[in-house]
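Peer 1: Here is my input; please provide its structure:
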Amino acid sequence: MKVATWNVNSIRQRLDRVLAWTARERPDILCLQETKCLDEAFPREAFTNLGYQVELYGQKTYNGVAILSLAPMTDVVRGWPRARDLPPLPLPGAPQAPHPISEPQAPQQLELSQALDPIGAPQTPTPTTVPRVQDLPAAPAGHDPSGLPQADDLPRALQAPYPMTAPQAHDLPRAPQAHDLNTERRLIAATVRGIRIIAAYIPNGQSLASEKFPYKLAWLDRLAAMIEATAKPSDPLLLLGDFNIAPDDRDVHEPELWRGQVLFHPLEHAALGRLTGWGLFDLFRKHHPEAGFYSWWDYRMLGFPKNLGLRIDLMLGTAPILARCASCSIVREERKGKLPSDHAPVLAEIAESSESSGIGELSEAGVATAAGISTAPVTGAPAPAAAPLQVRHLEVKTALSPVMS
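Peer 2: This is a model prediction of the structure:
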């Protein structure tokens, strides 16, 4: 069974290209991101004429996801599942496992946004207590007219560090309220031939100083919570799409330029690590452990001709899917030519369960070993291929690289 994911960056602008490739390659399942149109405006008939069932979750101008399948799809879920479709929540006050980017859970609620979004839980506003400058006492003689203490007057520990560093988690703008995560159409799921397919378009994050970066972390946190609540690592499950995260140094054309920036930030790696630590494997790295493979290239600055790319379009499968994955590749040719998307498709071949490689009922480590994947801990080197991501403490830089993903 062939499975593909492709951020098409507007299906109506790329329709001819997508149709031509789909007719030529005939993937059994094709997941699309950034369709950028309402469901009624999607060119459904063009794909049904090729034999595909089409399931959509789109919106005007931005975002939008779709799953196209030659086989029937069941259990289709658009967006986040409803609370009543999830397992019961823990009792209020039950201990919760710590997570590097989560804040304390709100009390138990019926709404899914409360169940799955610890970051987005309602917060009690903090009263503003900082006085206005004009309300402050007159400045002592010899001091700055503002009346505020100067750097020389402060203890050393309170002075601003030098050099300046990029924002840390506690410095970032507050994550959005839970309901805000429902306004963008970025997630769709279905079951096809016994495999649960979850197609996602993860938020870009824009910049470390914007509210879109904590939004991205909150979205990823909620995605991980959803998977943890609805699936087991032993299930045949495939999470795929545009992640807007390059997993490790091999996936970035110039790691030191990007390190600590959006798309290659340690907080993003921590969020991705929650998914892979649960039991998802990078299918591409099973077959291509070497560096230099990318799936996205900026339209600007001759990004594609110079191969200045990032690998941010991922296929993450559970151990049963990893065992059955016969190949996984990036179709770089589709980034060439007239009016291409800035992303290339990623294509994997998943054997039927009866045709799998005989790995059988092994542990995740056993599957990885049988597949030729190292699971050794990372000690400053690039992350091991396809093993659950080891979160590294990366140095944070200050210079921002241009991001258009």
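Peer 1: use CA for all of it now, contacts and neighbours both
Peer 2: Will do.
Peer 1: mind exporting the longest helix anywhere in the chain as CSV, just the C-alpha atoms?
Peer 2: Longest among the helix segments of the chain by residue count, using DSSP state H, is helix 212-230. Output of helix 212-230 as CSV, limited to C-alpha atoms (Å, rounded to 0.1, in the frame of the first residue of the first chain):
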residue,chain,number,x,y,z
LYS,A,212,2.0,31.9,17.2
PHE,A,213,5.0,30.1,18.7
PRO,A,214,3.3,29.2,22.0
TYR,A,215,0.2,28.4,19.9
LYS,A,216,2.3,25.9,18.0
LEU,A,217,3.6,24.3,21.3
ALA,A,218,0.0,24.2,22.6
TRP,A,219,-1.2,22.6,19.4
LEU,A,220,1.5,19.9,19.5
ASP,A,221,0.8,19.3,23.2
ARG,A,222,-2.9,18.7,22.4
LEU,A,223,-2.0,16.4,19.5
ALA,A,224,0.1,14.2,21.8
ALA,A,225,-2.6,14.2,24.5
MET,A,226,-5.1,13.1,21.9
ILE,A,227,-3.0,10.2,20.6
GLU,A,228,-2.1,9.1,24.1
ALA,A,229,-5.9,9.1,25.0
THR,A,230,-7.1,7.3,21.9
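Peer 1: Check which helices and strands it is in contact with.
Peer 2: Judged by 3 or more CA pairs under 8 Å, 6 or more residues apart in numbering; DSSP states H and E, helix 212-230 is in contact with helix 112-116, helix 266-278.
Peer 1: mean pLDDT lowest for which of these?
Peer 2: Per-stretch mean pLDDT for the helices and strands packed on helix 212-230 is lowest at helix 112-116 (a mean of 39).
Peer 1: Run me through the strand neighbours of the following helix or strand past it, direction for each.
Peer 2: Remark: after helix 112-116, the chain's next helix or strand is strand 187-192, criterion DSSP states H and E. Here strand 187-192 has these sheet partners by DSSP bridges: strand 74-78 (antiparallel), strand 195-201 (antiparallel).
Peer 1: can you redo those as a markdown table with distance to Leu238?
Peer 2: A markdown table is the format used below for the strands paired with strand 187-192 (distance: least, CA to CA, whole Å):
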| stretch | distance to Leu238 |
| --- | --- |
| strand 74-78 | 14 |
| strand 195-201 | 5 |
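Peer 1: Let's verify Cys31: helix, strand, or coil?
Peer 2: Recorded secondary structure, Cys31: strand (DSSP: H, G, I helix; E, B strand; the rest coil).
Peer 1: related to what we said a few turns ago, would you mind putting the helices and strands packed on helix 212-230 into JSON lines with mean neighbour count and distance to Lys232 alongside?
Peer 2: What follows is the helices and strands packed on helix 212-230, written out as JSON lines (neighbours: other CA atoms under 10 Å; distance: least, CA to CA, whole Å):
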{"stretch": "helix 112-116", "mean neighbour count": "23", "distance to Lys232": "17"}
{"stretch": "helix 266-278", "mean neighbour count": "22", "distance to Lys232": "9"}
